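**Student:** Let's see this in three dimensions:
(chains A and B)
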Amino acid sequence: SQTIHQWPATLVQPVGSPLSLECTVEGTSNPNLYWYRQAAGRGLQLLFYSVGIGQISSEVPQNLSASRPQDRQFILSSKKLLLSDSGFYLCACLTGEGLQPQHFGDGTRLSIL
Amino acid sequence: GENVEQHPSTLSVQEGDSAVIKCTYSDSASNYFPWYKQELGKRPQLIIDIRSNVGEKKDQRIAVTLNKTAKHFSLHITETQPEDSAVYFCAAPTAGGTSYGKLTFGQGTILTVHP
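**Tutor:** Numbering: from 1, shown residues only, chains lettered A, B, ... in the order given. This next block holds a predicted model:
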C-alpha cells in the first residue's frame, strides 16, 4: 500500500511571506493527488487535484497554487501568504481503478502571524 | 455538483451505547461512500466504505447502511468506547463529468464517548 509523506509538520509564517508545502507518495505509481485545507478541525475543502505530471486543476479561487513536477510529488505554494491561509493542509492520494478511497498524509499545520 | 449533508454536528453518548451518524447526498448516480475518522490533530483515516451494489457492510463494531432510494447512508457504531471519540466524516463522489476520484465531504460529526 502507498505511504504519503508531508512536510513540514508545522509551520509558522508571517503575512506576506512565500510558502512551499511538499507531498510525496511511495509505493504506487500514477496516482491522483489532492490538496485539501481544513479550518478549525472541521470540513475538508478541496483546493487542487492532479491526475498526472504537470496536470493541475483548481477547485476554488485563492491565493495558492499547486504543481506536480514528478509523478509522486505534489507541491502547494504561495507567493504572499494571507492571514486567511492559516489551516491544516492535507495531501491525499488515490490509486487503482474503480471505486477506491482516498488516503491522507499526516498534514501540515500552517499558522500565519 | 454533489451536495452532502451530515447530521448531527455533535453527538455525545455514554460508553457502551450505540452511535448513529447520517448523511444524505443529492446525486442519484453516486456509487461509492467512504467514512473517515479524524482524531484531534491527526489525519482522516478510512474506517469503512460501501459501494452502491450492497445495502449494508459490517466490520466488527462498525457498520454502514445505504438507502439508494432515499439517497442517504449511515454509520453505526455499537458498544462505543472512549477511543471512538473523534470527528467522523462521510463522503460521496463529486458529481459532474469525470470526477477523477474527487470526493465531496460532509461537514463532520464530533462524537464524544463518556466513560
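
**Student:** So which residue is smack in the middle of chain A?
**Tutor:** Central residue of chain A (C-alpha atoms, centre = their mean): A:Trp35, 3.1 Å from the mean position.

**Student:** Which of the helices or strands spans that one?
**Tutor:** strand A:32-39 (DSSP states H and E).

**Student:** hey, which helix or strand in chain A has the poorest pLDDT?
**Tutor:** Least confident helix or strand of chain A, by mean pLDDT, DSSP states H and E, is strand A:42-52 with a mean of 91.

**Student:** In the sheet, which strands lie alongside whichever helix or strand comes after that strand, parallel or antiparallel?
**Tutor:** Using DSSP H and E, the helix or strand that follows strand A:42-52 in sequence is strand A:55-58. Taking DSSP bridges as the criterion, strand A:55-58 forms sheet pairs with strand A:42-52 (antiparallel).

**Student:** So which bits of the partner strand are buried?
**Tutor:** A:Gly43, A:Leu44, A:Leu46, A:Leu47, A:Phe48, A:Tyr49, A:Ser50, A:Val51 (16 or more other C-beta atoms under 10 Å in any protein chain shown). Quick note: C-beta positions are derived from backbone N, CA and C, even for glycine.

**Student:** Quick check, the fifth one in contact with A:Tyr34.
**Tutor:** Okay, so that is A:Phe48. Yes: using C-beta atoms under 8 Å, A:Phe48 makes contact with A:Tyr34 at a distance of 7.1 Å.

**Student:** out of the buried residues of strand A:42-52, which one sits closest to chain B?
**Tutor:** A:Leu44 (4.5 Å; C-beta to the nearest C-beta).

**Student:** And the residue nearest the centre of chain B?
**Tutor:** Closest-to-mean residue, chain B, C-alpha atoms, centre = their mean: B:Cys90 / 3.4 Å.

**Student:** distance of it from A:Val51?
**Tutor:** Distance of B:Cys90 to A:Val51, computed by C-beta to C-beta, to the nearest Å: 24 Å.

**Student:** residues in contact with the strand holding A:Trp35?
**Tutor:** A:23, A:25, A:44-51, A:66, A:68, A:74, A:76, A:86-95, A:102, A:104, A:107, B:100-102 (C-beta atoms under 8 Å, 6 or more residues apart in numbering or on different chains).

**Student:** Is stretch B:85-103 in proximity to chain A?
**Tutor:** Yes: contact of stretch B:85-103 with chain A (C-beta under 8 Å from any C-beta of the partner chain) involves B:Val87, B:Phe89, B:Thr94, B:Tyr100, B:Gly101, B:Lys102, B:Leu103.

**Student:** average model confidence for that stretch?
**Tutor:** Stretch B:85-103 carries an average pLDDT of 84.
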